[in-house]
Structure formats: C-alpha cells, structure tokens
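*Asks:* return atomic coordinates for the entry below.
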Amino acid sequence: TPWGKIGIGICYDIRFPELSLLMRQKGCVMLIFPGAFNMTTGPAHWELLQRARAVDNQLYVAACSPSRNEEPGGYVAWGHSSIVSPWGEVVASAGANDDIVFSEIDFNNVDTMRQNIPTSNQKRNDLYKLIDVKE
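*Replies:* Down below sits the predicted model:
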C-alpha cells in the first residue's frame, strides 16, 4: 500500500506470535486478522491477543469479526472488531452488534515506537537457545 506493507493472517493465526514476527520482519506496519472467536475464547483472548501482537511487533493490528448472532443452531461469535495501536491501546472497537469500526491511523507511530523502544535491533538471537543438561 502507499502507507506500508500490511500482513494478513486468519482467525487462529493470531495465537502464534512467530507468524506475526515474520510479517513484521518483512516490513509490515499493520497486521489484519479476520476471525470469529466464540463466546468462550472471545472474552478471554480476543482483545488480549490483538494487543499482544501489536506490542510484540510494534505495529497496528486490526481484527474483524462477525457480529453476534444468537439464533438457535447458529454459530455465536464474540464480535468486537477492533483496531489496536503499536502501544497496545485499543483505538477503536465495536461491540457485539453490527457496526463499522474506523479510526485514523498514523503510521508514523510505528516508526516512533520502533525508534524509542528498538527491540528488533536489540534482540539477541544468540541467547535464545535451550541446552539439555543431563544429570
């Protein structure tokens, strides 16, 4: 896009930080995750995972979900489509009902965050190895 690279995953992908990290390493400034968490995982994990991926990778995360439909026999999604800033702040969010989520996004915030907390430059991959110790 004219604003930068945007990575796209799907519902379950948001649970795996490695995929988001790979997209960040490819230069993404935003990740988008369409998903349909249910009434068990939604309240517990939906926002938490969006915020975690945004902070982990210092980028925007947008997650869209179907609105809640409680008709008998249908899938009941949590809803709550959201946009999260690189700082982990929810800048826009819908509830459970039909809604449109929109927000102005300043992609300069991605650069500022990455300069002020340069985790990608300071990461010591040489330290992240486990060694089996035999007793």
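
*Asks:* per-residue confidence for Asn108?
*Replies:* In this prediction, Asn108 carries a pLDDT score of 96.

*Asks:* tell me how many other residues crowd it.
*Replies:* Asn108 is flanked by 9 other residues according to other C-beta atoms under 10 Å. C-beta: built from backbone N, CA, C; applies to glycine.

*Asks:* same check, this time on Ile131
*Replies:* For Ile131, the count of nearby residues is 4 (other C-beta under 10 Å).

*Asks:* kindly report the same for Lys5.
*Replies:* A count of nearby residues for Lys5, using other C-beta under 10 Å, gives 14.

*Asks:* got it, and Val110?
*Replies:* Neighbourhood size, Val110 [other C-beta under 10 Å]: 23.

*Asks:* next: Tyr60.
*Replies:* Tyr60 has 27 neighbouring residues, counting by other C-beta under 10 Å.

*Asks:* the spatially closest residue to it that is not a sequence neighbour: what secondary structure?
*Replies:* Here the nearest residue to Tyr60 in space, its sequence neighbours aside, is Met30; by C-beta to C-beta, 6 or more residues apart in numbering that works out to 4.2 Å. When classified by DSSP: H, G, I helix; E, B strand; the rest coil, Met30 comes out as strand.
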